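Enquirer: pasted the sequence and its predicted model underneath.
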Amino acid sequence: MKEVNARWVGWIPTNRGKLNFDFIELPDFLESKKITKSYAPNKKKFTNIDISYLSDSYGYKRYLKYSRKSKAEYPATANVEFEIRSTKIHGNIEIIYKDFCNISTKFICDQNGVVEFENIFHNVDSIDAELKEIKSLLYVLIKTLIHGDAHHHQKIDVALPVMDDEFKPSVVSSSLLDYIKLAERNIKKNKKVRITF
Amino acid sequence: MEIIALLILFAGLISASLFWRSKKDDFLADESKRCLYNFCEVDANWNSRGRVFTKGLAVVEKNGKKQFVKQAKLCDIGILE
């Protein structure tokens, strides 16, 4: 395995101001027969989660079977472990592209929703070119399981950024404001929308 | 008289066709082709043109070799009438 020295931070939206270990669960849309779940008093482990939803093109798969240009996209699975120590949630995450690549990292999540990742292990030549996307992908999956829902392909993943090195609340609020401005601009430009503001 | 009627009908059909083409959203047409045939792949020069996009990552086979492709897909902004 090769190691990439990287540290990045994200923020998971919290309910009632703090995260709750009991709420960590697989959302309904990720449930399948292949998944195994293990629950202990202070540990939760999910293996073989189908994370195809993290690909932007996955939703087009059903149309590709009617197309002559049909090409294969390789699905990914993930194994995730959570353990609560004191007030923090520690964990491991591994993403597996079968017969191609395994990517894993560790994370620590604070009660206020700040999640810190450190170093990435992988088994391909290099992931430098895709490092930014991989960081975001790992964060989105952890957010999905801890927050209990997912909005990929929707607003929240775009609006919530990952930051290098340290958590800066102003980066999150700026990103949310940028998103609101963009959304407002696009809504105003759309002729099918009744302008009310 | 019939010839004039046919000419008017023909001109009407041509006008309707041109009008329909002008209504087509080239941006959305390009986006759908990019996502359907090219795995939503984007290169370094890709520009969101001020729109809201999600960013993903996929593994596909190209030239007989599996590799990552960077993706971007138009995001739902909601509140349609």
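Expert: Nice, I can see it.
Enquirer: ok, A:I12 - contacts?
Expert: By CB atoms under 8 Å, 6 or more residues apart in numbering or on different chains, A:I12 lies in contact with A:L19, A:C109, A:G113, A:V114, A:V115, A:I142, A:K143, A:I146, A:H147. For glycine as for every other residue, the C-beta is placed from the backbone atoms N, C-alpha and C.
Enquirer: distance of the nearest residue to it once chain neighbours are set aside from B:V59?
Expert: Using CB to CB, 6 or more residues apart in numbering or on different chains and skipping residues adjacent in sequence, the residue nearest A:I12 is A:G113, 4.3 Å away. Remark: distance between A:G113 and B:V59 (CB to CB, to the nearest Å) = 30 Å.
Enquirer: hmm, back to that, in terms of pLDDT, where does the residue nearest to A:I12 sit?
Expert: Looking at A:G113, its pLDDT reads 91.
Enquirer: residues near it, how many?
Expert: A total of 20 residues lie near A:G113 under the criterion other CB atoms under 10 Å in any protein chain shown.
Enquirer: looking at it, it is touching A:N15, isn't it?
Expert: No - A:G113 is beyond contact range of A:N15, at 9.6 Å (criterion: CB atoms under 8 Å).
Enquirer: can you lay out the contacts of A:I12 as JSON lines showing distance to B:S17 and secondary structure?
Expert: Formatted as JSON lines, the contacts of A:I12 follow (distance: CB to CB, whole Å; DSSP: H, G, I helix; E, B strand; the rest coil):
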{"residue": "A:L19", "distance to B:S17": "58", "secondary structure": "coil"}
{"residue": "A:C109", "distance to B:S17": "58", "secondary structure": "strand"}
{"residue": "A:G113", "distance to B:S17": "55", "secondary structure": "coil"}
{"residue": "A:V114", "distance to B:S17": "57", "secondary structure": "strand"}
{"residue": "A:V115", "distance to B:S17": "55", "secondary structure": "strand"}
{"residue": "A:I142", "distance to B:S17": "52", "secondary structure": "helix"}
{"residue": "A:K143", "distance to B:S17": "48", "secondary structure": "helix"}
{"residue": "A:I146", "distance to B:S17": "54", "secondary structure": "helix"}
{"residue": "A:H147", "distance to B:S17": "50", "secondary structure": "helix"}
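Enquirer: and those residues, which two are the farthest apart?
Expert: Using CB to CB, those span at most 13.2 Å, a distance reached by A:V114 and A:H147.
Enquirer: what strand or helix carries residue 3?
Expert: If you meant another chain, say so; for now it's chain A. Per DSSP states H and E: A:E3 is located in strand A:2-11.
Enquirer: actually, chain B is the one I wanted.
Expert: Element membership for B:I3 (DSSP H and E) is helix B:2-23.
Enquirer: which residues of the chain fall in strands?
Expert: Went with chain A since none was named. Here chain A has its strands, by DSSP state E, at A:2-11, A:36-40, A:43-50, A:73-74, A:76-85, A:88-97, A:101-109, A:114-122, A:163-164.
Enquirer: oops, wrong one, chain B.
Expert: Under DSSP E, chain B gives strands at B:53-62, B:65-74.
Enquirer: ok and the residue in chain A nearest chain B?
Expert: A:D56 (3.6 Å; CB to the nearest CB).
Enquirer: now the residue positioned nearest the centre of chain B: how far from A:S175?
Expert: Nearest to the mean C-alpha position of chain B, by CA atoms, centre = their mean, lies B:A29 at 1.3 Å. Distance from B:A29 to A:S175, counting by CB to CB: 30 Å.
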